[in-house]
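Asks: Build the 3D model from these lines:
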Amino acid sequence: MATLILIETSTALCSTAILQDGKIISHRENEERMHSSLTAPFIKEMLDEVNLTVDGCDGVCVSMGPGSYTGLRVGVSTAKGLCFGAGIPLYAVSSLDALAGEALSVPGLMDGINKIVPMIDARRMEVYCSVFDREGHPLSAIESKIVDENSFSDLLDEGGVLFIGDGALKCSEVIKHPNAKFHQCCPSAMGMAIPAMREFEKGNKRDVAYFEPFYLKEFVTTVSKKKLF
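Replies: Predicted coordinates for the structure are as follows:
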């Protein structure tokens, strides 16, 4: 019976969960972008709630991105700290995997759907996205895409497509194909359950010392133009 700690902090939602024998037995969520102050306390609360310790778990699975630079750093740093301290394995899935997993977990959401397109909001009409089959398996690499009225037209002509994520709402303003379905949400730790178990069963352990988040784009610092003195 596998027990995994799940951490998802790639967007505005700070989300954690404990997965045991394929089922979520505890979870915590907050949408106030307080990842640095809430992630570790959430994990402790969950462990206490279900009478577990970190070293009593079989691993930690973290969402590796793409998404918010700061959020991803918090999630990955927390996951690595837990793994180092308890001597347990580190696993990782993308934030798009988590969204695809969430699509499969919502009753009725996949009705009439052939493909899933999870998307993370980037800026303006840009999203980070990938294409998944209706079982939640990735069919394409993660890419940065500028969305317009013709985006994903080939997939839409083939049948129902679910666009899911915090970038879905803005895409619904330009994609008007009758086969398009939109579900606005942030990736959550609960949505990680299916892909996390797949990684665990395959034995895809990550190097705790050298693992880094997947940002897709390089993080660029800028100098404020405001005069401080």
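Asks: Quick check: residue 142 vs residue 39, distance?
Replies: Distance, residue 142 to residue 39, using C-beta to C-beta, to the nearest Å: 23 Å. All C-beta spots, glycine's among them, are computed from the backbone N, C-alpha and C.
Asks: more neighbours, these two?
Replies: Neighbour count, other C-beta atoms under 10 Å: between residue 142 and residue 39, residue 39 has more, with 23 against 20.
Asks: so what's the more buried one up against?
Replies: 7, 9, 14, 16, 74, 75, 78 (C-beta atoms under 8 Å, 6 or more residues apart in numbering).
Asks: Over to residue 129?
Replies: Shown in contact with residue 129 (C-beta under 8 Å, 6+ apart): 96, 117, 118, 119, 120, 142, 143, 145, 165, 167.
Asks: show me what contacts residue 175?
Replies: Applying C-beta under 8 Å, 6+ apart, the residues near residue 175 are 147, 149, 151, 152, 156, 163.
Asks: Give me the phi and psi angles of residue 124.
Replies: Per-residue torsions, residue 124: phi 50, psi -120 (degrees, to the nearest 10).
Asks: returning to what we had before: of the contacts of residue 129, buried ones?
Replies: 96, 117, 118, 119, 120, 142, 145, 165, 167 (16 or more other C-beta atoms under 10 Å).
Asks: related to what we said a few turns ago, farthest-separated two in the contacts of residue 39?
Replies: 16 and 74 (11.4 Å; C-beta to C-beta).
Asks: Between these two, tell me which one has more neighbours.
Replies: residue 16 (29 against 23).
Asks: Kindly provide the distance from the residue lying closest to the more buried one once chain neighbours are set aside to residue 214.
Replies: Spatial nearest neighbour of residue 16, excluding adjacent residues (C-beta to C-beta, 6 or more residues apart in numbering): residue 42 at 4.4 Å. Plainly put, residue 42 is 23 Å away from residue 214 if you go by C-beta to C-beta.
Asks: which of these two has more neighbours?
Replies: Per other C-beta under 10 Å, whichever of residue 42 and residue 214 has more neighbours is residue 42, with 23 against 17.
Asks: which element is that one on?
Replies: helix 35-49 (DSSP states H and E).
Asks: helices or strands up against the helix or strand following that helix?
Replies: Counting by DSSP H and E, the next helix or strand C-terminal to helix 35-49 is strand 59-63. When contacts are defined as 3 or more C-beta pairs under 8 Å, 6 or more residues apart in numbering; DSSP states H and E, strand 59-63 sits against strand 3-8, helix 69-86, strand 90-93, helix 95-105, helix 193-202.
Asks: And for residue 1, the neighbour number?
Replies: The local packing of residue 1 (other C-beta under 10 Å) involves 6 other residues.
Asks: for it, what are its contacts?
Replies: Residue 1 neighbours (C-beta under 8 Å, 6+ apart): 20, 21.
Asks: One more pass at 10 Å, please.
Replies: 20, 21, 22, 58 (C-beta atoms under 10 Å, 6 or more residues apart in numbering).
Asks: can you tell me how far it sits from residue 214?
Replies: From residue 1 over to residue 214 (counting by C-beta to C-beta), the distance is 30 Å.
Asks: Pretty sure residue 15 sits against residue 188.
Replies: Yes: with contact defined as C-beta atoms under 10 Å, residue 15 reaches residue 188; the gap is 4.3 Å.
Asks: higher neighbour count, those two?
Replies: More crowded of residue 15 and residue 188, by other C-beta under 10 Å: residue 15, with 29 against 26.
Asks: on that earlier part again, closest to residue 126 among the contacts of residue 39?
Replies: Nearest member of those to residue 126, counting by C-beta to C-beta, is residue 9, at 20.9 Å.
Asks: Fine by me, we can end here.
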